[in-house]
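Peer 1: Sequence first, then the predicted structure:
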Amino acid sequence: MKKFVSMFLFMSVFFTMFATVGQAAEVIPKLFLNGQQLKSAVNPQIINSSTVVPVRTISEGLGFQIDWDSKTKTVTVIHGGNVIKLKENDKTALVNDQKVQLDTPTTIIKGTTLVPLRFVGEQYGLKFEYKAAEKEVHMYQESTVPTEPTEPAQPAEPTGSITEVAYNGNSSLTVKYDGVMKANKPLLLENPKRVVFDFPNTAFATVLTGQAEVNVTDSTYLQKIRYSLFSSTPATVRLVLEISENTGYVLTEDLGKFELTFMSLTDVPTDPSIPVEPPVVVNPENPPSSNDVYDVVIDPGHGGSDPGAKSVLGKWEKEFNLNVALKMKALLEKETKIKVHFTRTGDTYPTLDDRVKFAENLKADLFLSIHANSGGSTASGTETYYYRDNSKALAGVIHKHLIAATGLKDRGVKKEAYKVIKQTTMPAVLIEAGFLSNTSDAKMLFDDAAQSRIAAELVAGIKEYLKVK
(Lines give C-alpha, C1' and ligand atoms only; values in the text may rest on other atoms or scores of the structure.)
Protein backbone atom coordinates (compact mmCIF):
# COMPACT_ATOMS: atom_id res chain seq x y z
CA MET A 1 0.00 0.00 0.00
CA LYS A 2 1.34 3.45 -0.84
CA LYS A 3 1.98 6.11 1.78
CA PHE A 4 0.37 9.48 1.09
CA VAL A 5 1.33 12.49 3.19
CA SER A 6 -1.70 14.17 4.78
CA MET A 7 -4.18 12.73 2.26
CA PHE A 8 -6.60 11.70 4.98
CA LEU A 9 -6.72 15.09 6.60
CA PHE A 10 -9.19 16.93 4.38
CA MET A 11 -12.18 14.69 5.15
CA SER A 12 -13.64 16.98 7.80
CA VAL A 13 -15.59 19.06 5.28
CA PHE A 14 -18.14 16.31 4.95
CA PHE A 15 -17.66 14.49 8.24
CA THR A 16 -19.59 17.22 10.05
CA MET A 17 -22.71 15.67 8.53
CA PHE A 18 -22.33 12.71 10.93
CA ALA A 19 -24.50 12.61 14.04
CA THR A 20 -22.73 13.75 17.25
CA VAL A 21 -21.42 10.95 19.44
CA GLY A 22 -21.13 11.73 23.15
CA GLN A 23 -18.19 10.08 24.86
CA ALA A 24 -16.13 10.76 27.96
CA ALA A 25 -12.74 12.12 26.87
CA GLU A 26 -9.58 13.76 28.13
CA VAL A 27 -9.02 17.08 26.35
CA ILE A 28 -5.58 18.01 24.98
CA PRO A 29 -5.60 21.80 24.55
CA LYS A 30 -3.01 22.31 21.79
CA LEU A 31 -2.42 20.91 18.30
CA PHE A 32 0.63 21.70 16.14
CA LEU A 33 1.37 20.93 12.48
CA ASN A 34 4.98 21.40 11.35
CA GLY A 35 5.60 23.57 14.40
CA GLN A 36 2.63 25.88 13.88
CA GLN A 37 -0.23 25.83 16.38
CA LEU A 38 -3.63 25.17 14.87
CA LYS A 39 -6.83 26.63 16.29
CA SER A 40 -9.96 24.52 16.50
CA ALA A 41 -13.40 24.69 18.12
CA VAL A 42 -12.70 21.20 19.50
CA ASN A 43 -9.19 20.29 20.63
CA PRO A 44 -7.45 16.92 20.32
CA GLN A 45 -8.68 14.40 22.87
CA ILE A 46 -7.96 10.94 24.26
CA ILE A 47 -10.90 8.56 23.80
CA ASN A 48 -10.69 4.90 24.72
CA SER A 49 -6.92 5.31 25.21
CA SER A 50 -6.53 6.64 21.65
CA THR A 51 -5.57 10.17 20.66
CA VAL A 52 -7.99 11.67 18.15
CA VAL A 53 -7.53 14.94 16.28
CA PRO A 54 -9.89 17.39 14.54
CA VAL A 55 -9.59 16.79 10.81
CA ARG A 56 -11.08 20.07 9.66
CA THR A 57 -8.49 22.16 11.46
CA ILE A 58 -5.53 20.16 10.16
CA SER A 59 -6.85 20.03 6.60
CA GLU A 60 -7.15 23.76 5.96
CA GLY A 61 -5.23 24.68 2.84
CA LEU A 62 -5.09 21.12 1.45
CA GLY A 63 -6.83 20.78 -1.93
CA PHE A 64 -8.20 17.24 -1.83
CA GLN A 65 -11.57 16.37 -3.36
CA ILE A 66 -14.21 15.18 -0.90
CA ASP A 67 -17.46 13.35 -1.63
CA TRP A 68 -20.26 12.45 0.77
CA ASP A 69 -22.72 9.64 0.12
CA SER A 70 -25.72 10.32 2.33
CA LYS A 71 -27.25 6.90 1.65
CA THR A 72 -24.29 4.91 2.95
CA LYS A 73 -22.90 7.71 5.15
CA THR A 74 -19.53 7.29 3.52
CA VAL A 75 -16.91 9.94 2.91
CA THR A 76 -14.59 9.54 -0.08
CA VAL A 77 -11.31 11.45 -0.24
CA ILE A 78 -9.55 11.69 -3.60
CA HIS A 79 -6.03 12.80 -4.34
CA GLY A 80 -4.78 12.01 -7.85
CA GLY A 81 -5.49 8.33 -8.39
CA ASN A 82 -5.72 7.53 -4.65
CA VAL A 83 -8.96 7.01 -2.74
CA ILE A 84 -9.82 6.76 0.97
CA LYS A 85 -13.28 5.80 2.27
CA LEU A 86 -14.47 5.97 5.85
CA LYS A 87 -17.93 5.38 7.27
CA GLU A 88 -19.60 6.80 10.36
CA ASN A 89 -18.88 4.78 13.52
CA ASP A 90 -16.83 2.26 11.53
CA LYS A 91 -13.45 1.10 12.84
CA THR A 92 -12.36 0.06 9.33
CA ALA A 93 -11.14 2.55 6.72
CA LEU A 94 -10.63 1.70 3.05
CA VAL A 95 -7.39 2.98 1.52
CA ASN A 96 -7.30 2.22 -2.20
CA ASP A 97 -9.78 -0.61 -1.50
CA GLN A 98 -7.53 -2.11 1.21
CA LYS A 99 -9.00 -2.44 4.71
CA VAL A 100 -7.17 -0.60 7.50
CA GLN A 101 -8.19 -0.95 11.15
CA LEU A 102 -8.64 2.18 13.26
CA ASP A 103 -7.85 2.37 16.98
CA THR A 104 -11.26 3.87 17.61
CA PRO A 105 -14.20 4.80 15.36
CA THR A 106 -14.53 8.28 13.92
CA THR A 107 -15.99 10.55 16.59
CA ILE A 108 -18.16 13.67 16.25
CA ILE A 109 -18.07 16.23 19.05
CA LYS A 110 -19.89 19.55 18.74
CA GLY A 111 -20.12 19.08 14.99
CA THR A 112 -16.35 18.54 14.64
CA THR A 113 -14.93 15.28 13.32
CA LEU A 114 -12.10 13.62 15.23
CA VAL A 115 -10.05 10.76 13.75
CA PRO A 116 -7.35 8.53 15.27
CA LEU A 117 -3.93 10.13 15.20
CA ARG A 118 -2.21 6.76 14.70
CA PHE A 119 -4.12 6.18 11.45
CA VAL A 120 -3.01 9.56 10.13
CA GLY A 121 0.60 8.93 11.06
CA GLU A 122 0.99 5.33 9.97
CA GLN A 123 -0.92 5.45 6.71
CA TYR A 124 0.02 8.87 5.37
CA GLY A 125 3.61 9.47 6.35
CA LEU A 126 3.05 11.99 9.15
CA LYS A 127 5.24 11.76 12.23
CA PHE A 128 3.60 12.69 15.50
CA GLU A 129 4.60 13.37 19.09
CA TYR A 130 2.42 13.66 22.19
CA LYS A 131 3.88 15.92 24.90
CA ALA A 132 1.99 14.86 28.00
CA ALA A 133 3.37 17.54 30.34
CA GLU A 134 2.44 20.35 27.96
CA LYS A 135 -0.70 18.54 26.75
CA GLU A 136 0.27 19.09 23.15
CA VAL A 137 0.06 17.01 19.97
CA HIS A 138 2.75 17.76 17.38
CA MET A 139 2.53 16.46 13.79
CA TYR A 140 5.32 16.72 11.19
CA GLN A 141 5.74 16.07 7.51
CA GLU A 142 9.10 14.42 6.94
CA SER A 143 9.77 16.59 3.92
CA THR A 144 9.47 19.76 6.01
CA VAL A 145 12.52 18.94 8.16
CA PRO A 146 15.46 18.43 5.76
CA THR A 147 18.70 17.11 7.26
CA GLU A 148 20.81 19.43 5.12
CA PRO A 149 20.13 22.83 3.58
CA THR A 150 18.90 22.41 0.05
CA GLU A 151 17.92 24.65 -2.81
CA PRO A 152 14.15 25.14 -3.06
CA ALA A 153 12.68 22.54 -5.40
CA GLN A 154 11.51 23.98 -8.67
CA PRO A 155 8.15 22.77 -10.01
CA ALA A 156 8.57 20.42 -12.94
CA GLU A 157 7.62 21.89 -16.27
CA PRO A 158 4.39 20.40 -17.71
CA THR A 159 5.04 17.85 -20.44
CA GLY A 160 1.70 18.49 -22.14
CA SER A 161 -0.79 21.31 -22.68
CA ILE A 162 -4.49 20.94 -23.44
CA THR A 163 -5.53 23.00 -26.45
CA GLU A 164 -9.22 22.07 -26.68
CA VAL A 165 -12.00 20.37 -24.72
CA ALA A 166 -14.88 19.91 -27.14
CA TYR A 167 -18.31 18.31 -26.75
CA ASN A 168 -19.03 16.80 -30.15
CA GLY A 169 -22.67 15.87 -29.66
CA ASN A 170 -23.89 12.30 -29.59
CA SER A 171 -22.44 11.89 -26.07
CA SER A 172 -18.89 12.28 -27.36
CA LEU A 173 -16.10 14.44 -25.95
CA THR A 174 -12.63 15.16 -27.36
CA VAL A 175 -9.59 16.47 -25.45
CA LYS A 176 -6.83 17.72 -27.77
CA TYR A 177 -3.33 18.44 -26.57
CA ASP A 178 0.24 19.27 -27.53
CA GLY A 179 3.28 17.49 -26.12
CA VAL A 180 3.03 14.36 -23.97
CA MET A 181 -0.06 13.72 -21.86
CA LYS A 182 -1.36 10.65 -20.02
CA ALA A 183 -4.52 10.18 -17.96
CA ASN A 184 -4.50 8.62 -14.50
CA LYS A 185 -6.88 5.75 -13.88
CA PRO A 186 -10.38 7.31 -13.94
CA LEU A 187 -12.52 7.37 -10.81
CA LEU A 188 -16.27 6.68 -10.79
CA LEU A 189 -18.06 8.67 -8.06
CA GLU A 190 -21.64 9.05 -6.86
CA ASN A 191 -24.04 11.85 -5.90
CA PRO A 192 -23.96 13.09 -8.57
CA LYS A 193 -22.72 10.18 -10.67
CA ARG A 194 -19.56 11.23 -12.47
CA VAL A 195 -16.26 10.13 -13.95
CA VAL A 196 -13.09 11.98 -12.90
CA PHE A 197 -9.94 12.09 -15.02
CA ASP A 198 -6.68 13.62 -13.81
CA PHE A 199 -3.94 14.52 -16.30
CA PRO A 200 -0.65 14.95 -14.37
CA ASN A 201 2.18 17.13 -15.67
CA THR A 202 -0.37 18.91 -17.84
CA ALA A 203 -1.40 22.56 -18.13
CA PHE A 204 -3.70 24.56 -20.39
CA ALA A 205 -2.53 26.20 -23.59
CA THR A 206 -2.96 29.97 -23.64
CA VAL A 207 -5.77 29.63 -26.18
CA LEU A 208 -7.93 27.72 -23.68
CA THR A 209 -9.58 29.06 -20.55
CA GLY A 210 -8.21 27.26 -17.51
CA GLN A 211 -11.61 26.53 -15.99
CA ALA A 212 -15.07 25.86 -17.41
CA GLU A 213 -18.41 24.26 -16.61
CA VAL A 214 -20.87 23.27 -19.34
CA ASN A 215 -24.36 21.83 -18.88
CA VAL A 216 -25.24 19.27 -21.55
CA THR A 217 -28.94 19.19 -22.42
CA ASP A 218 -29.03 17.10 -25.58
CA SER A 219 -27.39 13.85 -24.47
CA THR A 220 -28.95 10.74 -22.99
CA TYR A 221 -25.74 9.91 -21.13
CA LEU A 222 -23.68 13.05 -20.51
CA GLN A 223 -25.08 15.73 -18.16
CA LYS A 224 -22.30 18.18 -17.34
CA ILE A 225 -18.66 18.87 -18.23
CA ARG A 226 -16.23 20.55 -15.82
CA TYR A 227 -12.50 21.07 -16.09
CA SER A 228 -9.89 23.11 -14.26
CA LEU A 229 -6.24 23.29 -13.26
CA PHE A 230 -6.59 21.11 -10.16
CA SER A 231 -3.01 21.50 -8.99
CA SER A 232 -0.10 23.73 -9.96
CA THR A 233 2.68 21.73 -8.25
CA PRO A 234 2.87 19.57 -10.23
CA ALA A 235 0.56 20.95 -12.88
CA THR A 236 -2.50 18.68 -13.03
CA VAL A 237 -5.65 19.19 -15.06
CA ARG A 238 -8.87 17.60 -13.77
CA LEU A 239 -11.79 16.72 -16.04
CA VAL A 240 -15.11 15.86 -14.37
CA LEU A 241 -17.97 14.43 -16.43
CA GLU A 242 -21.37 14.06 -14.80
CA ILE A 243 -23.27 11.16 -16.34
CA SER A 244 -26.67 9.49 -16.15
CA GLU A 245 -27.38 6.20 -14.42
CA ASN A 246 -26.39 3.02 -16.27
CA THR A 247 -23.89 4.94 -18.38
CA GLY A 248 -20.58 3.54 -19.54
CA TYR A 249 -17.88 4.90 -21.80
CA VAL A 250 -15.09 4.04 -24.19
CA LEU A 251 -11.82 5.99 -24.06
CA THR A 252 -9.72 6.00 -27.21
CA GLU A 253 -6.34 7.68 -27.59
CA ASP A 254 -4.69 8.97 -30.72
CA LEU A 255 -1.71 11.21 -31.31
CA GLY A 256 -2.60 14.54 -29.70
CA LYS A 257 -6.14 13.50 -28.81
CA PHE A 258 -8.23 11.66 -26.23
CA GLU A 259 -11.80 10.81 -27.20
CA LEU A 260 -14.55 9.69 -24.82
CA THR A 261 -17.74 8.16 -26.14
CA PHE A 262 -20.55 7.58 -23.63
CA MET A 263 -23.16 4.87 -24.06
CA SER A 264 -25.38 2.45 -22.18
CA LEU A 265 -23.43 0.16 -19.84
CA THR A 266 -24.68 -2.82 -21.81
CA ASP A 267 -23.20 -1.33 -24.98
CA VAL A 268 -19.67 -0.94 -23.64
CA PRO A 269 -17.33 -3.25 -25.57
CA THR A 270 -15.60 -6.08 -23.75
CA ASP A 271 -11.98 -5.88 -22.66
CA PRO A 272 -9.99 -5.35 -25.88
CA SER A 273 -7.32 -7.76 -24.60
CA ILE A 274 -9.84 -10.60 -24.80
CA PRO A 275 -10.19 -12.00 -28.33
CA VAL A 276 -13.59 -11.30 -29.84
CA GLU A 277 -15.07 -13.26 -32.69
CA PRO A 278 -15.42 -11.16 -35.86
CA PRO A 279 -18.97 -10.05 -36.68
CA VAL A 280 -20.99 -12.43 -38.81
CA VAL A 281 -21.51 -11.18 -42.36
CA VAL A 282 -25.22 -11.42 -42.99
CA ASN A 283 -26.38 -12.86 -46.27
CA PRO A 284 -28.76 -10.22 -47.68
CA GLU A 285 -31.39 -12.83 -48.32
CA ASN A 286 -30.93 -14.59 -44.97
CA PRO A 287 -30.93 -12.29 -41.92
CA PRO A 288 -29.68 -13.64 -38.57
CA SER A 289 -31.69 -16.13 -36.55
CA SER A 290 -34.72 -14.60 -34.84
CA ASN A 291 -33.53 -16.08 -31.54
CA ASP A 292 -30.97 -13.25 -31.27
CA VAL A 293 -31.34 -9.74 -29.87
CA TYR A 294 -30.48 -7.29 -32.63
CA ASP A 295 -28.66 -3.99 -32.33
CA VAL A 296 -30.37 -1.46 -34.58
CA VAL A 297 -28.97 2.03 -35.21
CA ILE A 298 -31.38 4.81 -36.18
CA ASP A 299 -29.68 7.87 -37.65
CA PRO A 300 -31.77 11.08 -37.81
CA GLY A 301 -29.93 12.96 -40.56
CA HIS A 302 -28.39 16.42 -40.11
CA GLY A 303 -29.01 18.26 -36.80
CA GLY A 304 -27.48 21.09 -34.81
CA SER A 305 -25.42 23.41 -37.02
CA ASP A 306 -26.47 21.39 -40.10
CA PRO A 307 -30.25 21.90 -40.50
CA GLY A 308 -30.52 20.09 -43.82
CA ALA A 309 -33.00 21.30 -46.45
CA LYS A 310 -35.52 24.04 -45.68
CA SER A 311 -39.12 23.22 -46.50
CA VAL A 312 -41.59 25.50 -48.26
CA LEU A 313 -43.32 25.71 -44.86
CA GLY A 314 -40.24 27.30 -43.28
CA LYS A 315 -39.36 24.23 -41.26
CA TRP A 316 -36.10 22.35 -41.52
CA GLU A 317 -35.31 18.80 -42.55
CA LYS A 318 -33.52 18.08 -39.26
CA GLU A 319 -36.83 18.55 -37.41
CA PHE A 320 -38.64 15.97 -39.52
CA ASN A 321 -35.79 13.48 -39.26
CA LEU A 322 -35.64 13.71 -35.47
CA ASN A 323 -39.41 13.64 -34.95
CA VAL A 324 -39.74 10.38 -36.87
CA ALA A 325 -36.73 8.88 -35.08
CA LEU A 326 -38.15 9.69 -31.64
CA LYS A 327 -41.49 8.14 -32.60
CA MET A 328 -39.59 5.03 -33.71
CA LYS A 329 -37.73 5.07 -30.40
CA ALA A 330 -40.97 4.76 -28.45
CA LEU A 331 -42.00 1.78 -30.56
CA LEU A 332 -38.68 -0.03 -30.76
CA GLU A 333 -38.01 0.19 -27.03
CA LYS A 334 -41.03 -2.06 -26.51
CA GLU A 335 -39.44 -4.82 -28.60
CA THR A 336 -37.70 -7.51 -26.56
CA LYS A 337 -35.57 -8.76 -29.47
CA ILE A 338 -34.43 -5.36 -30.71
CA LYS A 339 -32.02 -3.03 -28.95
CA VAL A 340 -32.25 0.40 -30.50
CA HIS A 341 -29.44 3.00 -30.58
CA PHE A 342 -29.55 6.58 -31.90
CA THR A 343 -26.81 8.70 -33.40
CA ARG A 344 -28.60 11.69 -31.90
CA THR A 345 -31.69 12.24 -29.74
CA GLY A 346 -31.54 16.04 -29.68
CA ASP A 347 -30.61 18.97 -31.90
CA THR A 348 -26.94 18.05 -32.21
CA TYR A 349 -24.68 17.39 -35.16
CA PRO A 350 -22.60 14.24 -35.07
CA THR A 351 -20.39 14.23 -38.15
CA LEU A 352 -20.83 11.58 -40.82
CA ASP A 353 -17.64 9.94 -39.52
CA ASP A 354 -19.11 9.96 -36.01
CA ARG A 355 -22.25 8.20 -37.23
CA VAL A 356 -20.30 5.53 -39.06
CA LYS A 357 -17.97 5.00 -36.11
CA PHE A 358 -20.91 4.78 -33.71
CA ALA A 359 -22.55 1.97 -35.69
CA GLU A 360 -19.26 0.15 -36.25
CA ASN A 361 -18.30 0.27 -32.57
CA LEU A 362 -21.64 -1.27 -31.70
CA LYS A 363 -21.20 -3.96 -34.37
CA ALA A 364 -24.80 -3.16 -35.23
CA ASP A 365 -27.01 -5.57 -37.16
CA LEU A 366 -28.83 -2.85 -39.09
CA PHE A 367 -28.46 0.88 -39.86
CA LEU A 368 -31.27 3.19 -40.99
CA SER A 369 -30.69 6.86 -41.84
CA ILE A 370 -33.77 9.14 -42.01
CA HIS A 371 -33.92 12.07 -44.44
CA ALA A 372 -36.29 14.17 -46.52
CA ASN A 373 -35.58 15.33 -50.07
CA SER A 374 -35.45 18.68 -51.83
CA GLY A 375 -35.67 19.69 -55.50
CA GLY A 376 -38.02 21.55 -57.81
CA SER A 377 -41.45 22.63 -56.60
CA THR A 378 -43.12 19.87 -58.63
CA ALA A 379 -40.77 17.07 -57.55
CA SER A 380 -42.61 14.57 -55.37
CA GLY A 381 -42.26 11.06 -54.05
CA THR A 382 -40.36 8.61 -51.85
CA GLU A 383 -36.93 7.05 -52.43
CA THR A 384 -34.79 4.49 -50.56
CA TYR A 385 -31.03 4.17 -51.06
CA TYR A 386 -28.47 1.45 -50.47
CA TYR A 387 -24.87 1.00 -51.58
CA ARG A 388 -23.44 -2.41 -50.66
CA ASP A 389 -24.94 -5.69 -51.89
CA ASN A 390 -25.68 -6.86 -48.35
CA SER A 391 -28.04 -3.88 -47.99
CA LYS A 392 -30.19 -4.41 -51.09
CA ALA A 393 -32.69 -6.78 -49.48
CA LEU A 394 -33.13 -4.44 -46.51
CA ALA A 395 -33.72 -1.50 -48.87
CA GLY A 396 -36.47 -3.40 -50.65
CA VAL A 397 -38.32 -4.23 -47.42
CA ILE A 398 -37.97 -0.73 -45.94
CA HIS A 399 -39.06 0.95 -49.17
CA LYS A 400 -42.22 -1.17 -49.37
CA HIS A 401 -43.27 -0.05 -45.89
CA LEU A 402 -42.26 3.56 -46.46
CA ILE A 403 -44.42 3.83 -49.59
CA ALA A 404 -47.36 2.42 -47.60
CA ALA A 405 -46.84 5.12 -44.94
CA THR A 406 -46.41 8.20 -47.16
CA GLY A 407 -48.79 7.37 -49.99
CA LEU A 408 -46.51 9.39 -52.28
CA LYS A 409 -45.17 8.56 -55.72
CA ASP A 410 -42.87 5.53 -55.71
CA ARG A 411 -39.50 6.80 -56.98
CA GLY A 412 -37.89 3.43 -56.36
CA VAL A 413 -34.94 1.81 -54.60
CA LYS A 414 -31.65 3.30 -55.78
CA LYS A 415 -27.94 2.72 -55.33
CA GLU A 416 -25.88 5.69 -54.17
CA ALA A 417 -22.54 6.11 -52.37
CA TYR A 418 -23.79 8.14 -49.40
CA LYS A 419 -21.08 7.94 -46.75
CA VAL A 420 -23.18 6.53 -43.89
CA ILE A 421 -24.40 3.61 -46.01
CA LYS A 422 -21.14 3.13 -47.90
CA GLN A 423 -18.68 3.04 -45.00
CA THR A 424 -20.78 1.05 -42.55
CA THR A 425 -20.43 -2.71 -42.87
CA MET A 426 -23.82 -3.92 -41.64
CA PRO A 427 -26.96 -3.80 -43.86
CA ALA A 428 -27.61 -0.05 -44.15
CA VAL A 429 -30.14 2.11 -45.97
CA LEU A 430 -31.00 5.79 -46.25
CA ILE A 431 -34.56 6.96 -46.86
CA GLU A 432 -35.80 10.16 -48.52
CA ALA A 433 -39.40 10.20 -47.31
CA GLY A 434 -40.64 13.05 -49.52
CA PHE A 435 -39.77 16.43 -51.01
CA LEU A 436 -39.65 19.42 -48.67
CA SER A 437 -39.62 21.68 -51.73
CA ASN A 438 -43.10 20.42 -52.69
CA THR A 439 -45.98 21.99 -50.77
CA SER A 440 -48.11 18.84 -50.72
CA ASP A 441 -45.24 16.57 -49.68
CA ALA A 442 -44.06 19.02 -47.02
CA LYS A 443 -47.49 19.30 -45.42
CA MET A 444 -47.66 15.54 -45.16
CA LEU A 445 -44.11 15.22 -43.78
CA PHE A 446 -44.76 17.70 -40.99
CA ASP A 447 -48.16 16.27 -40.08
CA ASP A 448 -47.93 14.51 -36.70
CA ALA A 449 -50.20 11.64 -37.71
CA ALA A 450 -48.21 11.09 -40.92
CA GLN A 451 -44.96 11.05 -38.97
CA SER A 452 -46.44 8.42 -36.65
CA ARG A 453 -47.42 6.30 -39.69
CA ILE A 454 -43.93 6.61 -41.16
CA ALA A 455 -42.36 5.63 -37.85
CA ALA A 456 -44.68 2.63 -37.44
CA GLU A 457 -44.04 1.38 -40.98
CA LEU A 458 -40.29 1.76 -40.67
CA VAL A 459 -40.39 -0.27 -37.45
CA ALA A 460 -42.55 -2.86 -39.23
CA GLY A 461 -39.99 -3.01 -42.03
CA ILE A 462 -37.13 -3.52 -39.59
CA LYS A 463 -39.04 -6.33 -37.85
CA GLU A 464 -39.91 -7.96 -41.15
CA TYR A 465 -36.32 -7.92 -42.33
CA LEU A 466 -35.00 -9.30 -39.02
CA LYS A 467 -37.87 -11.81 -38.85
CA VAL A 468 -38.93 -10.54 -35.44
CA LYS A 469 -42.52 -11.29 -34.55
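Peer 2: Ah, there it is. Residues are numbered from 1 along each chain as shown.
Peer 1: Next one: the closest residue in space to S380 that isn't next to it in sequence, what pLDDT does it get?
Peer 2: Of all residues not flanking S380 in the chain, N438 sits nearest, at 4.9 Å (CB to CB, 6 or more residues apart in numbering). Quick note: C-beta positions are derived from backbone N, CA and C, even for glycine. Model confidence at N438, given as pLDDT, is 94.
Peer 1: And for A330?
Peer 2: Confidence score, pLDDT, at A330: 92.
Peer 1: what does the one 4 residues further on give?
Peer 2: At K334, the predicted lDDT confidence score is 92.
Peer 1: What is the burial count for it?
Peer 2: Other residues within reach of K334, judged by other CB atoms under 10 Å, total 8.
Peer 1: where exactly do the strands run in the stretch 51-200 of the chain?
Peer 2: 65-69, 74-79, 82-87, 92-95, 98-101, 107-109, 112-116, 126-131, 136-141, 160-169, 172-179, 187-189, 194-200 (DSSP state E, counting those that start in this stretch).
Peer 1: and K257, how far is that from I162?
Peer 2: 11 Å (CB to CB, to the nearest Å).
Peer 1: cool, and N34?
Peer 2: Applying CB to CB to N34 and I162 gives a distance of 34 Å.
Peer 1: ok, the residue nearest to S380 touching T382?
Peer 2: No: the pair N438 and T382 fails to qualify as a contact (CB atoms under 8 Å) at a distance of 11.7 Å.
Peer 1: rewinding a little: between the strands of the stretch 51-200 of the chain, which one is nearest to A460?
Peer 2: Comparison of the strands of the stretch 51-200 of the chain against A460 by CB to CB identifies strand 160-169 as nearest, at 29.4 Å.
Peer 1: What helices and strands are in contact with the closest one?
Peer 2: Secondary-structure packing of strand 160-169 (3 or more CB pairs under 8 Å, 6 or more residues apart in numbering; DSSP states H and E): strand 172-179, strand 202-204, strand 222-232.
Peer 1: Deepest-packed of those strands, please.
Peer 2: Comparing these by mean neighbour count (mean count of other CB atoms under 10 Å), strand 202-204 comes out on top with a mean of 23.
Peer 1: That one pairs with which strands, and in what direction?
Peer 2: strand 160-169 (parallel) (DSSP bridges).
Peer 1: returning to what we had before: shared neighbours, K257 and I162?
Peer 2: Common contacts of K257 and I162, defined by CB atoms under 8 Å, 6 or more residues apart in numbering, comprise V175, K176, Y177.
Peer 1: residues touching the residue nearest to the second one when sequence neighbours are not counted, list them.
Peer 2: For K176, ignoring the flanking residues on the chain, the nearest one in space by CB to CB, 6+ apart is E164 at 4.2 Å. In this structure, E164 makes contact with T174, V175, K176, L208, judged by CB under 8 Å, 6+ apart.
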